[in-house]
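**Q** turn this into a model:
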Amino acid sequence: MFTHLHVHYRWNGHWRRVGQVKTWRSRVGRQQEAWGNVFDQLVQRYLTWKYQSAGSARDRDGIAPDGIVPEPRTRNDQAEPRRENEPAVPPLADYSYTVNVFDITTLARVLTVQRHADSTSLALDLMLHSYVAKSPSRPTIAVSVETLQLLYRLHQRKPSYSIEAFAKVVCDYYNIPYRHHLREVFGDTFEIYLRIMRSVHCMIQKALGWDEENWRVKNACHACCYKLEDEPELRFGRLIAMDGNNSLKRIATTAHRTAADTRILHNSNYFLSTDFVNQYANEVRGKYSKGPAGDPTDGLRQLDDSDRNDPQAARRQRLASCTKNWKSAAKEDRKKMWGIFDEAGVFAAACRHGFLLWVMDMVCSGELAKYPLAIISKTLELLGDRPLIGYDVGCSFDVTTEKSSLGPAFATSGGRFCVCAFHGYSHSYTCQLEYHPNIIVGAGLEDLETMERIFSLTNMLASVTRYASPYRRRLFIEAYCRQLDEDKYHNAGTFILNNYKQALGIIHSDATTLLEAMHSLSITDKDLDVWEDEQVEFFSRIGDELPHDVHAVAYVERLQELRDLDSQRRNANAQFLAFAPPAHGANYAQDLSATRRVETVHRHANERYNRVHNDVCNLELQMGIVHRWTTTTPEYIAAIKYIKERKYLLALNKVQKLVVQRLTELSNMNIAQTGYSMRTHISKSLQTRSKAIQTAVATYNAAATALDPPRPPLDWQEIGNYQFLEQFALLQDTRHDVRGKRWIEPAVRACMKMRLRIRRAREEVERLNVEVRRLHTAIRDERRLFPQVRDRLQTARDPILGAVLEFIERRQRINSELLSRVHQVYSLDGFTGTKGPGTRVGTLPFINNPEDGADAEGDAAEDDEVADQEVDILEGDEEQEALGHLVEFISALSIT
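**A** From the prediction side, this is the model:
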């Protein structure tokens, strides 16, 4: 890997070594090469130290008596007697090695390492004493495994907790001043510890048989993946959310410096490679696009004259305007990316239960189409048919995917795009009637805002990865993603239980309310069906302009301009003919200038008149007009009315855009981890936005009054309460007055929405009936798997046995809590699914074991009360956190 240069010496007052260039990159490279030579042995030494005595006191199911786990081996434990067939311990050499150490548990300062005769690495010797060396070759300082394990646990639970802060805490315990180099000491040793944990995790997965390619994506979420025999077919096989986030940026190396750490994290279980993502670069580009290729909405730009006869052209045009409206509320850093970042953020996808599927770096770019297209490709390859994919701009990206190479395969799979519920309310109401989850049959109550919740957690990593190397940044992100998946697995049962309760509540309470409302309004289900069709037809016509209307507007505007220019031309001609310079002028130069000025005005007036007159003649030929329109011509009057309507629509769109921006900024005010300065900036922006809205409302009211019949004016207080865009959409139809339609009545519209909500709730129950049984079956199958794995590893005396038993114990404790949630779902009043586990597709039917069944039921009953108490505590913490955010939001508002 590294070449050895010949070393020469030159006399220049003193001997100077030349011919070998030392750089920081070469030093880091040599150090990493040295770590690579001993890393596999380092992992084995770690397992030997921690789990040397594990497994001796465990029962046949991998759990110690009374639930007590045998303590891992520590450096203070006495060595056990040598077992049969074990190699003899080499005799101690007559020398030792002393290093400075940090151990937060013992506060030891110096460690003397007794080296064996066959010792090959000081780093390996230190690991047997439970210390991680900073350097693999000649370490002078080391950190204890317990100290790094504490940092690991803190970092997994609070990602924003920096290594520098932890180093200062350790210095406080040691009662010594903090020194800058200690951050590097803890950072380098913590990286080695993370790599060890990563290797141990891979070994555990291999021992369990969970190491197949893409196993995690196909099996991590049991509720999504564990498909059973004879289960009801769902409309959508998977509900997936995807989105980009620019918080996890990484600062690029400056021009006059080179990166020292050039490593790449290979074989990541979460990250998609850049080469794979770049396969979908420049897949779709608009024919007339001036911006960079690859925007997720590029498919909407492919509208030209050849699309006039395409029945989907009008639909794509409406979606294009919808996307423009949504982007108007987006932040500027979403539209462009500064050049100071190498990785501008991440693009990720997750299932509806929060399990991460894939993550990829957005390299030196914003949110380009190649990132979601890579997700679509992996989804079609691995996750089966009929996915429902939620994306902020899912409406426009639907067209982009159709235009890409993945379009035919996605259409064949029966997949569909939608917009996420919260972001969907920033889209046009026409878009919402087709792409909002509340409208889509089979979506249930899922809002598909999963990525927003995940990003609210991963945002805390930004402060510790912004200046990290690419390798270390990915290492931190991957470790935290693994922790998130563990937490989501623990929460899977609560997720299903809470969603089931919510769906039953909607069905029971809203159904009664709906029946009472329909009875009081004297309407039936058939009426609501008819009105829903009328609503869709009405909103599909909004914004469509007939070619004749477009030409008529252009013709009338040209006629008005021609009339004004004719008046100017007549005045200029009259002034030119009446102008006469004095016969004996006192200043010839001034007279000449005045004459030329009059001649220029006369010439320009005639040229402008002739140019506009030619345009009028051309329009008359195109429109087949024989006699020129006058102010009394019926066609002229109709065109003037239509022009007023266009001005009205422009004013309405201006108000709508400002209100969308206001609603978005209001939501950003309450985002977790929003700093004071950003909160203050948003508050000032809201004040400015409010003034702009007031001005736009005044302009709108003037345009609304000019209509015939006049439209009702808008009030500032009324605009402040507009939280959904359908109110604006209802104002856009100026040709047909829908105020007499029944479906426009607020009470009727509330009934229509409530009925949709009830339908989605019933679909949610159908999906949850499937998911809860899948989860139950997976837990049952794991209970059968774990003893088999334990026996096999014990027989083979595999070094990974201790780590596997530790994983099994924690997993079974979590499964016990999940089983208690499963049985709570089964006992709900209104549960309509099948109780009990089933058989996974592709596996043999499970033969009931009376002991296993009794144990499972006993675990569920025994842990019921404890699990309920833990959930109550968790819910209390979440309520306190939500209340704290609300208080912060209210306190930041300005009363002006």
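**Q** helix or strand for residue 458, which one?
**A** Residue 458 belongs to helix 450-458 when assigned by DSSP states H and E.
**Q** identify each buried residue in the following helix or strand past that helix, please.
**A** The helix or strand immediately downstream of helix 450-458 is helix 462-465, counting by DSSP H and E. For helix 462-465, the neighbour count (16 or more other Cβ atoms under 10 Å) marks 462, 464-465 as buried. Heads up, the C-betas are built off the backbone N, CA and C, glycines and all.
**Q** what is helix 462-465 packed up against?
**A** helix 470-505 (3 or more Cβ pairs under 8 Å, 6 or more residues apart in numbering; DSSP states H and E).
**Q** got the angle between the helix it packs on and helix 450-458?
**A** For helix 470-505 against helix 450-458, the angle by axes from the mean of the first three to the mean of the last three Cα atoms, to 10 degrees is 130 degrees.
**Q** now do helix 470-505, average pLDDT.
**A** Averaging pLDDT along helix 470-505 gives 94.
**Q** do a quick rundown of the strands in the stretch 101-250 of the chain.
**A** In the stretch 101-250 of the chain, the strands defined using DSSP state E, counting those that start in this stretch lie at 110-116, 131-133, 141-144, 238-245, 250-251.
**Q** dump those strands to CSV, plus mean neighbour count, distance to residue 264 and mean pLDDT.
**A** What follows is those, written out as CSV (neighbours: other Cβ atoms under 10 Å; distance: least, Cβ to Cβ, whole Å; pLDDT from 0 to 100):
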stretch, mean neighbour count, distance to residue 264, mean pLDDT
strand 110-116, 14, 33, 85
strand 131-133, 26, 23, 94
strand 141-144, 24, 26, 95
strand 238-245, 24, 22, 93
strand 250-251, 18, 14, 81
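**Q** I'd like these laid out as CSV, including distance to residue 169.
**A** Converted to CSV, the strands of the stretch 101-250 of the chain look like this (distance: least, Cβ to Cβ, whole Å):
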stretch, distance to residue 169
strand 110-116, 21
strand 131-133, 18
strand 141-144, 13
strand 238-245, 30
strand 250-251, 26
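**Q** can you tell which of the ones you listed is closest to residue 219?
**A** Of all these, it is strand 238-245 that lies closest to residue 219, at 13.3 Å by Cβ to Cβ.
**Q** could you list the paired strands of the closest one along with their orientation?
**A** Sheet pairing for strand 238-245, assigned by DSSP bridges, gives strand 341-351 (antiparallel), strand 387-390 (parallel).
**Q** give me the contact list for the last one.
**A** If I follow you right, that is strand 387-390. 236-242, 375-376, 379, 413, 415-420, 437, 440, 442-443, 448-450 (Cβ atoms under 8 Å, 6 or more residues apart in numbering).
**Q** among those residues, which are in helices?
**A** 375-376, 379, 413, 450 (DSSP state H).
**Q** sorry, back to before: list of residues touching the helix holding residue 458?
**A** 159, 241-243, 245, 247-248, 346, 348-352, 354, 356, 390, 420, 422, 477, 480-481, 484, 671-673.
**Q** which SSE is immediately downstream of the helix or strand where residue 755 lies?
**A** Using DSSP H and E, the element containing residue 755 is helix 746-796. Remark: after helix 746-796, the chain's next helix or strand is helix 801-826, criterion DSSP H and E.
**Q** so how far is that next one from its chain's centroid?
**A** 29 Å (Cα atoms, centre = their mean, to the nearest Å).
**Q** buried residues, that helix. List them.
**A** 801-809, 811-812, 814-826.
**Q** same deal with stretch 754-761?
**A** So, applying 16+ other Cβ under 10 Å, buried residues of stretch 754-761: 754-756, 758, 760-761.
**Q** check contacts around residue 378.
**A** 217, 272, 357-358.
**Q** among those, which are in strands?
**A** If you go by DSSP state E, these have 357-358 in strands.
**Q** now distance to residue 112 and neighbour count too, for the contacts of residue 378, in TSV please.
**A** Conversion of these to TSV gives the following (distance: Cβ to Cβ, whole Å; neighbours: other Cβ atoms under 10 Å):
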residue	distance to residue 112	neighbour count
217	48	22
272	48	21
357	49	24
358	48	23
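**Q** and which of the contacts of residue 378 is nearest to residue 797?
**A** Closest to residue 797, out of all of the contacts of residue 378 and judged by Cβ to Cβ, is residue 217, at 32.7 Å.
**Q** what distance do you get for the closest one to residue 492?
**A** Using Cβ to Cβ, to the nearest Å, residue 217 is found at 16 Å from residue 492.
**Q** sorry, back to before: between which two of the ones in helices among the contacts of strand 387-390 is the distance greatest?
**A** 413 and 450, at 20.8 Å, using Cβ to Cβ across those.
**Q** more neighbours: these two, which one.
**A** Neighbours were tallied for residue 413 and for residue 450 using other Cβ atoms under 10 Å; the higher tally belongs to residue 450 (26 against 18).
**Q** quick check: the gap between the more buried one and residue 776.
**A** Applying Cβ to Cβ to residue 450 and residue 776 gives a distance of 23 Å.
**Q** any regions of the stretch 751-896 of the chain where pLDDT drops low?
**A** By pLDDT under 70, the low-scoring segments of the stretch 751-896 of the chain are 846-896.
**Q** swap the cut-off to 80 and go again
**A** Along the stretch 751-896 of the chain, segments meeting pLDDT under 80 span 844-896.
**Q** same thing with the stretch 1-150 of the chain?
**A** Residues of the stretch 1-150 of the chain that meet the cut-off, pLDDT under 80, sit at 1-29, 52-95, 115-119.
**Q** 90 instead?
**A** Within the stretch 1-150 of the chain, the stretches with pLDDT under 90 are 1-37, 51-97, 113-122, 128-129, 136-139.
**Q** nearest residue to residue 145 other than its sequence neighbours?
**A** residue 130 (4.5 Å; Cβ to Cβ, 6 or more residues apart in numbering).
**Q** I figured residue 150 hits residue 104, correct?
**A** Yes: using Cβ atoms under 8 Å as the test, residue 150 is close enough to residue 104 to be in contact (6.4 Å).
**Q** adding pLDDT, write the ones in helices among the contacts of strand 387-390 out as JSON lines.
**A** As requested, the ones in helices among the contacts of strand 387-390 are arranged in JSON lines below (pLDDT from 0 to 100):
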{"residue": "375", "pLDDT": "95"}
{"residue": "376", "pLDDT": "95"}
{"residue": "379", "pLDDT": "94"}
{"residue": "413", "pLDDT": "92"}
{"residue": "450", "pLDDT": "92"}
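**Q** what's the closest of these to residue 520?
**A** residue 450 (38.6 Å).
**Q** which residue, other than its chain neighbours, is closest to residue 464?
**A** Nearest to residue 464 is residue 162, by Cβ to Cβ, 6+ apart, at 5.3 Å.
**Q** what is the neighbour count of that neighbour?
**A** So residue 162, with other Cβ under 10 Å, has 16 neighbours.
**Q** hmm, it is touching residue 462, no?
**A** No: if you go by Cβ under 8 Å, residue 162 and residue 462 don't touch, sitting 11.3 Å apart.
**Q** quick one: end-to-end length of stretch 110-129, please.
**A** End-to-end distance of stretch 110-129 (Cα to Cα, to the nearest Å): 12 Å.
**Q** repeat that for stretch 582-591.
**A** Counting by Cα to Cα, the terminal residues of stretch 582-591 are separated by 8 Å.
**Q** give me the distance between residue 352 and residue 445.
**A** 10 Å.
**Q** more crowded one of those two?
**A** Of the pair residue 352 and residue 445, residue 352 is the one with more neighbours under other Cβ under 10 Å, namely 25 against 20.
**Q** what sits against the more buried one?
**A** Counting by Cβ under 8 Å, 6+ apart, residue 352 has contacts 224, 239-241, 446, 448, 450.
**Q** and the closest residue to it other than its chain neighbours, how far from residue 569?
**A** Residue nearest to residue 352 in three dimensions, not counting chain neighbours: residue 239, with 4.1 Å by Cβ to Cβ, 6+ apart. To residue 569, residue 239 is 68 Å away according to Cβ to Cβ.
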